[in-house]
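J.: Here is a sequence with its predicted model. Questions after.
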Amino acid sequence: MNIGLAQWHFFAVLSTGGLILLALMWFAWHRVIGRREAERRIAAARVRSGHVPLEIPTVRGRLDDLGETPPDTLPEWFIQGKGEHAIVDEQPRIRIRYLDPHGKKAECTIQVDHLDVQKKIITGHSELPGDIHRLPLHAITGARIADSGQRFNVDLWVDAVRVARRRRGQA
């Protein structure tokens, strides 16, 4: 009878320890998820305020050429000088992974011709003549800059384009 009681005690301690470990893992996982979500929201807010993150397609140019007002984060000597600033590239050459209308995975490299922010559609052409792609943003699963192969977040890029157009008065 003592052997049965010892086995039961061992099982109770083991199961209690397992439940505690499971609870700690659940708590840690939710903290990580919360932190990632907060970082994502902060990055999106920075883009909406005019910051251009390094991971989205950019071109170098003067802000005066595009009619943009320089962001408040730039030093005064940079704004008054002839320096160039990273400006959102609204027509980058990108490699896109997406789901076609039949639900199959597809990939293409396109030169973006137009981004319709209202309809949430990217229109672009590939190197083949007459090969025009109209991709809804919700179908895109991944994007890379074609020249460098660097990944970028399409949603942040769309927000940055929206902000740049608003600053130029093109809403």
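T.: Here it is on my side, so go on. Residues are numbered from 1 along each chain as shown.
J.: residues contacting the closest residue to residue 146 other than its chain neighbours?
T.: The shortest distance from residue 146 to any non-neighbouring residue, by CB to CB, 6 or more residues apart in numbering, is to residue 93 (4.3 Å). Placement of C-beta: from N, CA and C, glycine included. Contacts for residue 93 were tallied using CB atoms under 8 Å, 6 or more residues apart in numbering; they are 109, 110, 111, 112, 145, 146, 147.
J.: Output those as JSON lines; include the columns secondary structure.
T.: Conversion of the contacts of residue 93 to JSON lines gives the following (DSSP: H, G, I helix; E, B strand; the rest coil):
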{"residue": "109", "secondary structure": "strand"}
{"residue": "110", "secondary structure": "strand"}
{"residue": "111", "secondary structure": "strand"}
{"residue": "112", "secondary structure": "strand"}
{"residue": "145", "secondary structure": "strand"}
{"residue": "146", "secondary structure": "coil"}
{"residue": "147", "secondary structure": "coil"}
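J.: could you pull out the helices for the protein?
T.: Under the criterion DSSP state H, the chain carries helices at the ranges 2-48, 63-66, 76-80, 154-168.
J.: Mind listing what's buried along the last one?
T.: If you call a residue buried by 16 or more other CB atoms under 10 Å, then helix 154-168 has these buried ones: 154, 156, 157, 158, 159, 160, 161, 162, 163, 164, 165, 167.
J.: Restrict that helix to CA atoms and write it as CSV.
T.: Presented in CSV, the C-alpha positions along helix 154-168 are these (Å, rounded to 0.1, in the frame of the first residue of the first chain):
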residue,chain,number,x,y,z
VAL,A,154,3.6,46.0,-47.7
ASP,A,155,1.1,47.6,-45.2
LEU,A,156,3.8,49.9,-43.8
TRP,A,157,4.8,50.8,-47.4
VAL,A,158,1.1,51.6,-48.3
ASP,A,159,0.8,53.8,-45.1
ALA,A,160,4.1,55.6,-46.0
VAL,A,161,2.8,56.3,-49.6
ARG,A,162,-0.5,57.5,-48.2
VAL,A,163,1.4,59.9,-45.9
ALA,A,164,3.6,61.1,-48.7
ARG,A,165,0.7,61.8,-50.9
ARG,A,166,-1.2,63.6,-48.1
ARG,A,167,1.9,65.8,-47.5
ARG,A,168,2.0,66.7,-51.2
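J.: Quick one: closest of the helices of the chain to residue 100.
T.: Comparing the helices of the chain by their distance to residue 100 (CB to CB), the top pick is helix 154-168, with 16.7 Å.
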